[in-house]
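Participant: structure for the following, please:
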Amino acid sequence: MSDSLRLQYPIRQSIAFSNTMFRLYNQAISSVENEICFDLSRSQRLTPFGIIMLSATVLECQKRGKKCKYNKPVNRRLNDFMTECGFTKFFGLESQKDERDLIRIGRVQLIKANGVDYFLLENITEIVDFHLNISPGVKGSIRMSLQETMTNVVDHSRGNRY
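Facilitator: Below you'll find the model as predicted:
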């Protein structure tokens, strides 16, 4: 029995590859190894779904007491994206790049929800409105739906509500 498990992530990580992402998730959390290496060296593309699945896998492994390591992508653009969206900071990985305010430009940013963040909800609603030009009623419904979703996330993750 090995003490370490290396998971090779696919070239593209998106909803189209959800079976692969779920297989890697299940393999990581059910392994008996004490250390998991998330190898993204071959990866070229990572969608919001991909980064959420990868992050969920790492968090679940850490919750189970497994040590997690990360082989960064050779692809420079993907490596920069992962740094910019907060992946490297979130998991305590070294980074030389400054983060930008990606919410304002419509890019994904990985954050740990400690409570309902009304500023974030407003920004997401504004991004949707900007791209879809929705009515004030629909905009309000989206804002309320997002608030309910964030409240549920915080409640179910045992975070602080406010």
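Participant: which residue ranges of this structure form strands?
Facilitator: Using DSSP state E, the strands of the chain run over 4-8, 12-13, 35-39, 45-46, 67-71.
Participant: neighbours of M144, just the number please.
Facilitator: For M144, the count of nearby residues is 12 (other CB atoms under 10 Å). Glycine gets a C-beta too; all of them are placed from N, C-alpha and C.
Participant: quick one: it from F119, how far?
Facilitator: To F119, M144 is 16 Å away according to CB to CB, to the nearest Å.
Participant: and I36, by the same measure?
Facilitator: For I36, the distance to F119 - CB to CB - is 34 Å.
Participant: the two: which has the busier surroundings?
Facilitator: I36 (25 against 8).
Participant: can you list contacts of stretch 36-49?
Facilitator: For stretch 36-49, the external contacting residues (CB atoms under 8 Å, 6 or more residues apart in numbering) are 4-15, 18, 21, 28, 54, 57-58, 61, 66-75, 78, 81-82, 108.
Participant: just the pLDDT for the residue most central in space within the chain.
Facilitator: Centroid check for the chain by CA atoms, centre = their mean gives I52 as the closest residue, at 3.2 Å. Here the pLDDT value assigned to I52 is 81.
Participant: kindly report the same for L102.
Facilitator: 44.
Participant: mind listing the helices in the chain by residue range?
Facilitator: For the chain, the helices defined by DSSP state H cover 18-30, 48-63, 76-84, 87-90, 118-132, 136-156.
Participant: out of those helices, deepest packed?
Facilitator: Mean neighbour count (mean count of other CB atoms under 10 Å) peaks for helix 87-90 among the helices of the chain, with a mean of 19.
Participant: tell me the helices and strands packed up against it.
Facilitator: helix 48-63 (3 or more CB pairs under 8 Å, 6 or more residues apart in numbering; DSSP states H and E).
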